[in-house]
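Undergrad: sequence first, then the predicted structure, then my questions.
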Amino acid sequence: MHIEEKLMRSEDGNRTYRIRIARPTQPPPPSGYPVLYVLDANAVFGTAAEAVNVQGRRADKTGVVPSLVVGIGYPSEEPFPPDRHYDFTLDSDPAVLPSHPRGEQWPPQGGARQFLSFLERCLKPEIARSYAVDASRQTLFGHSLGGLFTLYALFASPGAFRTYIAGSPSIHWNKSSIFAEEAAFASRGEADDELRLLIAVGSLEENHKSRMVDHARELSERLTALKRPGLRVEYRSFEDDNHVSLLPGLISRAIRFAVG
């Protein structure tokens with residue numbers, strides 16, 4: 001794959017994102033390349049790009065077609081820079097946030113709405129201008145707080161992407177905010193041409209005090225029970241994986257779920 005990189009500014013000019021694009025060596029199909037947008041690209045872009053590259057070369061065997069991978073990260077060498085807290089979370093009362101493991105204050109919170117606007121109004125149009133893109137086959141992938149943001153994006157703007165992948169979503173972070181978004185999504189009761197959600201966790205997360213597994217499973221059950229036309233929900237537990245170790249397997253499954 002060809003790897004390209006650029007810096008982009010948020011709409012208000014206050015935040016800088018490191019955007020990495022992996023483009024297949026194969027020419028695009030007549031409809032354009034499907035696109036996988038990957039949050040926390042500092043940590044997972046390389047894994048996602050290589051998985052798409054390898055599986056896309058044998059589409060006859062894997063079912064995975066050559067696709068663009070667009071990683072959204074930060075100009076930092078840290079795998080999980082603190083800026084992600086602001087971009088991936090809704091307004092949060094510090095009193096309801098989990099305790100910091102080192103007794104410190106959490107980074108600023110509450111920028112999810114602005115970040116979603118950046119994705120829709122800045123990044124996606126830029127990718128569409130620069131590459132042959134299949135606008136009907138776009139996927140958002142996020143893990144942990146990124147998984148929480150992925151759920152928010154689904155609830156707030158379900159038409160922005162066709163497929164949403166929420167790995168170990170941090171639903172516990174500020175439950176009231178994401179539950180309010182879920183309720184608004186459910187109340188609209190709209191039919192979708194085709195909307196797909198994969199929620200995944202590691203089985204070793206089950207005993208975590210955040211109730212990561214319980215929250216994810218219960219959400220998948222509630223959304224399935226909506227029987228919303230066009231919405232497909234899949235829940236998957238990765239045996240013997242924890243919050244971080246599930247990432248490689250989840251990425252492989254996400255690619256087949258999204259562009260298989």
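TA: Sure, I can see it.
Undergrad: show me the contacts for Gly249.
TA: Residues near Gly249 by C-beta atoms under 8 Å, 6 or more residues apart in numbering: Phe238, Asp241. Any C-beta I mention is one placed from the backbone N, CA and C, and that applies to glycine too.
Undergrad: repeat that for the one 5 residues further on.
TA: Counting by C-beta under 8 Å, 6+ apart, Ala254 touches Leu36, Thr139, Phe141, Ile165, Gly167, Leu198, Ala200.
Undergrad: now the fifth one. Nearest residue, chain neighbours left out?
TA: Nearest-residue entry for Gly167: His143, 3.8 Å, with adjacent residues in sequence omitted and distances by C-beta to C-beta, 6 or more residues apart in numbering.
Undergrad: try the last one
TA: Nearest in space to Ala200, with sequence neighbours left out and distances taken as C-beta to C-beta, 6+ apart, is Arg236 at 4.6 Å.
Undergrad: quick check, that neighbour in a strand?
TA: Yes. Assigned with DSSP: H, G, I helix; E, B strand; the rest coil, Arg236 falls within a strand.
Undergrad: just to revisit the earlier point, out of the contacts of Ala254, which comes closest to Phe118?
TA: The closest of the contacts of Ala254 to Phe118 turns out to be Phe141 (C-beta to C-beta; 16.6 Å).
Undergrad: please name the bridge partners of that closest one.
TA: Beta-bridge partners recorded for Phe141 (DSSP bridges): Val38, Ile165.
Undergrad: go ahead and confirm it touches Leu36.
TA: Yes. Between Phe141 and Leu36 there is a contact under C-beta atoms under 8 Å: 6.2 Å.
Undergrad: need the residues touching each of those two.
TA: Residues touching both Phe141 and Leu36 by C-beta under 8 Å, 6+ apart: Ala48, Ala254, Ala258.
Undergrad: out of those, which are inside helices?
TA: Ala48, Ala254, Ala258 (DSSP state H).
Undergrad: what separation do you get for the last one and Leu231?
TA: Plainly put, Ala258 is 15 Å away from Leu231 if you go by C-beta to C-beta, to the nearest Å.
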